[in-house]
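[1] Coordinates for the following, if possible.
(one chain, ligands or ions: 2)
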Amino acid sequence: MSNLKNETLREALGVYFIMGSQNCITSPQKTLDLALNGGVSIFQFREKGEGAFVGTEKRQLAKELQAICRKNNTLFIVNDDLELAKELDADGIHIGQDDEDLQYVRREFPDKIIGISAHTLEEVEKAVAGGADYLGVGPIYATETKKDAKEVKGTTLIEQIRDLGYTIPIVGIGGINAKRTQEVILAGADGVSVITAISKAESPDKASQEIKSEVTQAKKIK
Ligand SMILES: Nc1nc(C(F)(F)F)ncc1COP(=O)(O)OP(=O)(O)O
Ligand SMILES: [Mg+2]
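    Ligands and ions are numbered 1, 2, ... in the order given. As a prediction, this is how the structure comes out:
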């Protein structure tokens, strides 16, 4: 488990912005700055897909975005890349079912936040038993961003996880925008993960603000 208190992380997962250079209209730095001003509460650096930076350029961008997160006292999570996460002393890492094994990552990156993608109850049970700090459950809706996304789930799996009594922090992911946010939270998620709805918004700060207000409203109803 990470050193971060479970409830602190649960709170931070409210508006989980995920982005890489290939998701932005303007500079990633400017986009992140605006998104944080708008109320993003945790950030994941996901430099992946066509045209993504690699090597030194990827590392340089990661360092710049990490510095922006530090300035805003916001958790900085690295997607997939364990070596980069260790090198930057990131706050955590997100791994999918086809990435490094949870136990290996926990040994290599102790006391940090480890998030796991889960698409089935079996994957949920394995992640909880393995001591994951949060789950990324989806895709909730169809997404253009992740070319190899699995079958769209809706909120069913989130509801099933809660009905079974699992209390692990959960973020929904996949095609989520402000309009769809409340449904995901009311299904039992602690937050929503968003890429395009913020990164390609005309005003990333306004987009983040809208999503944050939807999360807050839904949590009041719950
Ligand atoms: N990156 C992610 N972040 C989350 C989070 F929970 F953080 F919202 N959930 C799910 C994913 C998807 O992770 P993965 O299945 O490995 O695919 P990719 O590496 O292409 O993103
Ligand atoms: Mg991955």
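[2] Start and end of stretch 10-27, how far apart?
    In terms of Cα to Cα, to the nearest Å, the two terminal residues of stretch 10-27 are separated by 29 Å.
[3] Next one, pLDDT for V152 please.
    pLDDT for V152: 89.
[4] what residues are up against I185?
    G191, V192, E214, V215, A218, K219, K222 (Cβ atoms under 8 Å, 6 or more residues apart in numbering). Bear in mind the C-beta positions are built from the backbone N, C-alpha and C, glycine included.
[5] Now with 6 Å, please.
    Shown in contact with I185 (Cβ atoms under 6 Å, 6 or more residues apart in numbering): V215, A218.
[6] So it lies in a helix, does it not?
    Yes - looking at I185 with DSSP: H, G, I helix; E, B strand; the rest coil, it is inside a helix.
[7] pull the CA atoms of the strand or helix carrying Q29 into CSV?
    Using DSSP states H and E, Q29 maps to helix 28-38. Listed in CSV are the C-alpha atoms of helix 28-38, where the atom choice follows Å, rounded to 0.1, in the frame of the first residue of the first chain:
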residue,chain,number,x,y,z
PRO,A,28,0.8,20.2,-22.5
GLN,A,29,2.3,22.6,-19.9
LYS,A,30,-0.4,25.3,-20.6
THR,A,31,-3.1,22.7,-20.7
LEU,A,32,-2.1,21.2,-17.4
ASP,A,33,-1.7,24.6,-15.7
LEU,A,34,-5.3,25.5,-16.8
ALA,A,35,-6.7,22.2,-15.8
LEU,A,36,-5.2,22.4,-12.3
ASN,A,37,-6.5,26.0,-12.0
GLY,A,38,-10.0,24.6,-12.8
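[8] Just the buried positions in it, please.
    Using 16 or more other Cβ atoms under 10 Å as the test for burial, helix 28-38 gives P28, T31, L32, D33, L34, A35, L36, G38.
[9] closest to ligand 1 among these?
    Nearest to ligand 1, judged by Cβ to the nearest ligand atom, of the buried residues of helix 28-38 is A35 at 14.4 Å.
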